[in-house]
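Student: Sequence and computational prediction follow.
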Amino acid sequence: MIVTANQLTSLRILLMPLPWFLIYQGTWERVAAVILLFILGFTDYFDGYLARKYGVTPLGRLLDPIADKIFVAVTLLPLLHLDILPLWVVWPIFLREFIVTELRRFLTPGRDELKVTELAKIKTTVQMTGIGLILLTATFPDKSVSYGLVLLAMAGTSIAVLVMKSRRGTVPPRLWIALGFLLAGLLPLMLFPVRVVNVIYGAVLLAITLASGFQYVKATLPACMRRGPGAVAGLILPVALPLALVAVLPGASRFLAGIITLAVTVEFCSQGMDMWAQQMGRKTLTPWKERLVVPAAFLPLLYGWASGMAGAASIFIIWSCMVSLAYAVADAVFLRDLFREMEDGAG
C-alpha cells in the first residue's frame, strides 16, 4: 500500500491539536510536544516529496497550506498566551500569514496567481525549527537539558542529511536550513538569559516571516490598489477578525485561549477553502464575509465597550468563534459541488 501525500497531510492536520495540549502541561509533556513537532516537520517535507513524485492533486492544493497555517496557530498562540513570546513578535507573524493568503485568494487564477516563493518555503522550515527551540529554552531555564536536546536535534538532522545525500545525491535546502538554524541557536543560548534568548529567537522568526511576506506584498499590492478602495477593504476585512482575536489573547484565561486558537484555526481553514476555490475558478462566500460575517462578529465587542459592560472581551471571543465556525460550515456547503468533483476526479 502506497501512502499518498494527501494522507500524510491529513494525518498531520489531525495530530495538530496534540502539541497545543502538551505545551500547557508539565516539563516532559513539553518535551513530547517538541518531539512531535519535529516529526510533524519531517512529514511536511515528505508529503511534499510524494506530491512532487506522484503529482499535486486539487485536494493537496487545499490541505497543504492549511496544515502549515494550523501548525503556526497551535504552536505560536500558546507561546504568546504563556508569555514566552511577546505580542509584538507573534501578532505580525499572523498578520503576514493571513494577508498573504488573502492576496493569493484575491488575485484571479492564471497569469495573476500568486506562486509560493522559495523564501516562503524557508520561512516554514525556520518557523518549525525555531518554535521548538523557543519551547525547549522556556521549559529548561537552567539550559543544561536544552543544550542536550538541541544537540540531539542537530544529530537527527545531520543523519537525515547523510541519508538524503546517500540515497538521492542531493540534500533538500530545508534540511540545511534547519541544521544551520540549530547551530546558530546555540550562540544566544550560551550568552543570554532565557527570556532574552526567546526574544532573539522570536525576532529571527519574525524577520524571516516578514521578509517572505514582503515579496508577496510587493508583487501584488499595487494591482490590488489599482482596483480601488473597495478592493483594499476586501483585502483587509476578512483578516480583521482573527487578528483581533490574537491581539486579545494575552489577557485571556486558558479556556478562552483554547477558544481563540480554535477560532483562528477555523479562520485559516475557511480562508484556505476560499483561496482554493478562487484558484479553481469558482465563486466563494467571501463577499458575505466582508459585509455581514465580520461586522456581526465585532458587534458584542463594540456594544460592550460603548456600554461599559463587564466581560465584553470574553463574549467577543466566544461569539467570534461561533461566527467563524458557522461561516466555515456554510463555506464548505457552498463549495460542496467542487468537493464532489474533486472526489470524482480522484476516483
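Tutor: That came through fine. Numbers count the residues shown, from 1 in each chain.
Student: can we go C-alpha only for contacts and neighbour counts from here?
Tutor: Will do.
Student: I'd say T286 and G272 touch.
Tutor: No. Taking C-alpha atoms under 8 Å as the contact criterion, T286 and G272 are not neighbours in contact, 11.4 Å apart.
Student: the more surrounded of the two?
Tutor: Comparing T286 with G272 by neighbour count (other C-alpha atoms under 10 Å), the higher total belongs to G272, at 25 against 21.
Student: ok, now which ones touch the more buried one?
Tutor: Residues counted as contacts of G272 (C-alpha atoms under 8 Å, 6 or more residues apart in numbering) are L62, P65, I66, T101.
Student: For I23, see how far away I317 is.
Tutor: Between I317 and I23 the computed distance is 21 Å (C-alpha to C-alpha, to the nearest Å).
Student: More neighbours: which of these two?
Tutor: Under the criterion of other C-alpha under 10 Å, the comparison of I317 against I23 puts I317 first, with 26 against 23.
Student: so the more buried one touches F255, yeah?
Tutor: No. Taking C-alpha under 8 Å as the contact criterion, I317 and F255 are not neighbours in contact, 10.6 Å apart.
Student: just the helices in the stretch 1-150 of the chain please.
Tutor: Taking DSSP state H, counting those that start in this stretch as the criterion, the stretch 1-150 of the chain contains helices spanning 5-15, 17-23, 27-54, 58-81, 87-106, 118-139, 144-168.
Student: typo on my end, the stretch 151-300 of the chain
Tutor: Taking DSSP H, counting those that start in this stretch as the criterion, the stretch 151-300 of the chain contains helices spanning 173-191, 194-226, 229-248, 254-279, 286-288, 294-307.
Student: Relative to V329, which of those helices is closest?
Tutor: Proximity to V329 (C-alpha to C-alpha) singles out helix 254-279 among these, at 8.6 Å.
Student: re the thing from before, closest to V294 out of the contacts of G272?
Tutor: T101 (17.2 Å).
Student: quick one: that closest one from L301, how far?
Tutor: Applying C-alpha to C-alpha, one obtains 26 Å for the distance of T101 from L301.
Student: Next: L187.
Tutor: With the distance defined as C-alpha to C-alpha, L187 ends up 44 Å from L301.
Student: got it, and L76?
Tutor: As judged by C-alpha to C-alpha, L76 and L301 stand 24 Å apart.
Student: The two: which is more packed in?
Tutor: L76 (25 against 21).
Student: what's the closest non-adjacent residue to that one?
Tutor: For L76, ignoring the flanking residues on the chain, the nearest one in space by C-alpha to C-alpha, 6 or more residues apart in numbering is V90 at 6.9 Å.
Student: hang on, isn't the one you found packed against P78?
Tutor: No. Between V90 and P78 no contact is recorded; they are 10.4 Å apart, counting by C-alpha under 8 Å.
Student: which of the residues in stretch 215-230 are buried?
Tutor: In terms of neighbour count (16 or more other C-alpha atoms under 10 Å), stretch 215-230 has its buried residues at Y216, V217, T220, C224.
Student: Give me the neighbour count for the closest residue to the second one other than its chain neighbours.
Tutor: In this case it means V217. With C-alpha to C-alpha, 6+ apart as the measure, V100 is the residue that lies nearest to V217, at 7.3 Å, once sequence neighbours are left out. Under the neighbour criterion other C-alpha under 10 Å, V100 is assigned a count of 21.
Student: Confirm for me that V100 is in contact with Q215.
Tutor: No. Taking C-alpha under 8 Å as the contact criterion, V100 and Q215 are not neighbours in contact, 9.7 Å apart.
Student: what is in contact with the two at once?
Tutor: Listed as contacting both V100 and Q215 by C-alpha under 8 Å, 6+ apart is no residue at all.
Student: hmm, back to that, quick one: the contacts of G272 as JSON lines, columns for pLDDT and neighbour count too.
Tutor: Conversion of those to JSON lines gives the following (pLDDT from 0 to 100; neighbours: other C-alpha atoms under 10 Å):
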{"residue": "L62", "pLDDT": "76", "neighbour count": "18"}
{"residue": "P65", "pLDDT": "81", "neighbour count": "17"}
{"residue": "I66", "pLDDT": "86", "neighbour count": "23"}
{"residue": "T101", "pLDDT": "82", "neighbour count": "23"}
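Student: Dump these to a markdown table, plus distance to L36.
Tutor: Below are these laid out as a markdown table (distance: C-alpha to C-alpha, whole Å):
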| residue | distance to L36 |
| --- | --- |
| L62 | 23 |
| P65 | 19 |
| I66 | 18 |
| T101 | 26 |
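Student: Identify, from those, the entry nearest to A155.
Tutor: Minimum distance to A155 across those is 28.5 Å, recorded for P65 (C-alpha to C-alpha).
Student: how far away is the closest residue to that closest one other than its chain neighbours from L175?
Tutor: Nearest in space to P65, with sequence neighbours left out and distances taken as C-alpha to C-alpha, 6+ apart, is G272 at 7.2 Å. The spacing between G272 and L175, counted by C-alpha to C-alpha, is 27 Å.
Student: mind listing what F181 touches?
Tutor: F181 is in contact with V126, T129, G130, counting by C-alpha under 8 Å, 6+ apart.
Student: Emit the PyMOL select command for whichever of those are buried.
Tutor: In PyMOL syntax, the buried subset of these is picked out as below (16+ other C-alpha under 10 Å):
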select buried, resi 126+129+130
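Student: Looking at the contacts of F181, which is nearest Q7?
Tutor: Distances from the contacts of F181 to Q7 were compared by C-alpha to C-alpha; the smallest belongs to T129, at 23.2 Å.
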